[in-house]
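Novice: I would like to see how this sequence folds:
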Amino acid sequence: MTRLFRHTAAFVPLRKKAAVVSSPKKAKQAIGGGILSGLRSARRGERRRKPWRKTQSSRRRRVTGFPGTAAPYRRKTSREEPAEIRDLAAESREETAYAKGYDEGYRTGAAAGAEEEVASLLPPYTILPDVSAKEVMQAGLQGYLHRLKPLMKPEEVYRRLEQSLAAGQPLSVVRLGDGELLALAHDAVLPLEQSLAAGPFLPTAGITLPDHDARERLVEAVRGADVIGIPTSRLPTYQGLLFPVLRHFGISHETLNFTVSTINYALHEQKLLQQLLQGRQVLVIGNKAVPLANVLSASGVHVAGAIAPVNGFGDISRVLAEAASHAFDIALVAGGIPAVVICRNIAAELGKVALDFGHLADKLISGELTYD
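Specialist: This is a model prediction of the structure:
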């Protein structure tokens with residue numbers, strides 16, 4: 001196993017959103033608030049029994065509150081926000097502060113790590129004064145410019161799609177993210193345990209590891225796809241897995257047409273998707289095919305059909321058989337990881353154009369993005 005994983009990028013855990021945890025200060029405030037509530041109740045009962053005037057100290061406590069309490073005692077007005085709304089706002093601020101702190105820490109750590117890496121490459125008993133790690137990398141990159149591989153731009157992908165539609169020729173545009181790469185890598189270039197640790201979300205994306213048959217189907221889909229969206233990130237679970245996976249399965253990246261893995265969003269943002277679908281018969285495939293079809297229909301797109309759901313790799317044959325029963329020009333597939341295989345097979349078996357639509361479907365359905 002050691003030799004098998006020798007050329008794989010070092011594995012690091014993925015960043016996950018941290019849960020909001022109550023701080024000791026909040027706990028102290030809650031305790032103080034409970035004490036204050038009890039004292040208020042006691043004072044109310046005492047006022048009913050003892051009609052004499054409040055003392056100055058009592059009035060002062062009523063205004064300023066007790067030390068350590070969350071807020072001074074005051075009568076609630078109709079304009080005061082409910083406690084649950086204030087709590088949600090506080091949690092939102094904490095999450096924002098956490099994300100900002102994480103990003104700042106990540107950037108600082110990455111910069112420090114780069115400087116240490118450069119230092120480790122220097123000859124013994126030498127230093128490199130007044131030259132940053134970034135400058136070293138920029139200078140060193142010049143020697144590798146001849147190995148740069150261009151990615152297809154959105155307008156180039158659009159032209160390929162448009163030409164194929166106009167000529168009635170098949171074309172598949174698929175996308176590889178961390179889920180697809182972990183599925184490809186498991187028990188091949190990455191131990192199953194690490195794949196499971198890095199991809200707890202994989203079952204909801206259409207695959208439960210280990211699944212070697214699904215992995216092989218993905219490999220063949222990647223090998224035969226016309227345009228492949230890949231992540232630009234060089235982190236371990238992105239390009240750190242992509243090229244070891246291609247090498248392991250004997251696929252030369254030089255023969256593949258790459259674009260960005262967010263090509264679906266780029267086509268939409270630049271209004272190229274809207275031009276592409278205009279006047280075309282569109283088949284929609286995925287768990288949310290029906291609401292997506294409704295959104296597209298409301299925007300003037302002619303929807304030829306909606307196929308739902310896509311229940312993992314075991315459901316691919318049924319989906320393709322149902323797709324064959326529709327007359328369509330282009331299929332938009334939002335079916336998780338199986339979408340890669342579905343898109344490739346729609347092109348190879350049905351002779352049609354297929355685009356891996358991904359989570360763009362969710363954003364159009366929710367209204368976060370609009371089709372027009």
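Novice: to the chain's geometric centre, what's the distance from the helix or strand hosting residue 96?
Specialist: In this assignment (DSSP states H and E), residue 96 forms part of helix 83-121. How far helix 83-121 lies from its chain's middle: 18 Å, per Cα atoms, centre = their mean, to the nearest Å.
Novice: cool, and stretch 332-344?
Specialist: Worked out by Cα atoms, centre = their mean, stretch 332-344 lies 17 Å from the chain centre.
Novice: gap between the two ends of that stretch?
Specialist: 12 Å (Cα to Cα, to the nearest Å).
Novice: any idea of the mean pLDDT for it?
Specialist: Mean pLDDT, stretch 332-344: 98.
Novice: can you confirm residue 246 is in a strand?
Specialist: No. Assigned with DSSP: H, G, I helix; E, B strand; the rest coil, residue 246 falls outside any strand and is helix.
Novice: for residue 225, see how far away it is.
Specialist: 12 Å (Cβ to Cβ, to the nearest Å). C-beta coordinates here come from the backbone N, C-alpha and C atoms, glycine included.
Novice: what do the two both touch?
Specialist: Common neighbours of residue 246 and residue 225, using Cβ atoms under 8 Å, 6 or more residues apart in numbering, are residue 256.
Novice: between those two, who's got more neighbours?
Specialist: Between residue 246 and residue 225, counted using other Cβ atoms under 10 Å, residue 225 has the larger neighbour count: 25 against 19.
Novice: let me see the contact set for that one.
Specialist: Here residue 225 is in contact with 172-174, 256, 340, 343-344 (Cβ under 8 Å, 6+ apart).
Novice: 6 Å - rerun?
Specialist: 172, 174, 344 (Cβ atoms under 6 Å, 6 or more residues apart in numbering).
Novice: what about residue 338, neighbour count?
Specialist: Neighbours of residue 338 under the rule other Cβ under 10 Å: 28.
Novice: so it sits right up against residue 207, yeah?
Specialist: No. Under the criterion of Cβ atoms under 6 Å, residue 338 makes no contact with residue 207, lying 7.6 Å away.
Novice: whichever helix or strand residue 164 is part of: how far from the chain's middle?
Specialist: Secondary structure from DSSP H and E places residue 164 in helix 154-167. Distance of helix 154-167 from its chain centroid, counting by Cα atoms, centre = their mean, is 27 Å.
Novice: summarise which helices and strands that helix is packed against.
Specialist: helix 263-269, helix 272-277 (3 or more Cβ pairs under 6 Å, 6 or more residues apart in numbering; DSSP states H and E).
Novice: buried sites along the first one?
Specialist: Think helix 263-269. 263-268 (16 or more other Cβ atoms under 10 Å).
Novice: now render those as a markdown table, adding distance to residue 140.
Specialist: As requested, the buried residues of helix 263-269 are exported to a markdown table (distance: Cβ to Cβ, whole Å):
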| residue | distance to residue 140 |
| --- | --- |
| 263 | 30 |
| 264 | 34 |
| 265 | 32 |
| 266 | 30 |
| 267 | 35 |
| 268 | 37 |
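Novice: can I get stretch 131-140 in CSV, CA atoms only?
Specialist: Only the C-alpha atoms of stretch 131-140 are listed here, as CSV (Å, rounded to 0.1, in the frame of the first residue of the first chain):
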residue,chain,number,x,y,z
VAL,A,131,13.2,37.7,-1.2
SER,A,132,9.7,36.5,-0.3
ALA,A,133,8.5,33.0,-0.9
LYS,A,134,6.0,34.4,-3.5
GLU,A,135,8.9,36.0,-5.4
VAL,A,136,10.7,32.6,-5.4
MET,A,137,7.6,30.9,-6.7
GLN,A,138,7.1,33.4,-9.4
ALA,A,139,10.7,33.1,-10.6
GLY,A,140,10.6,29.3,-10.4
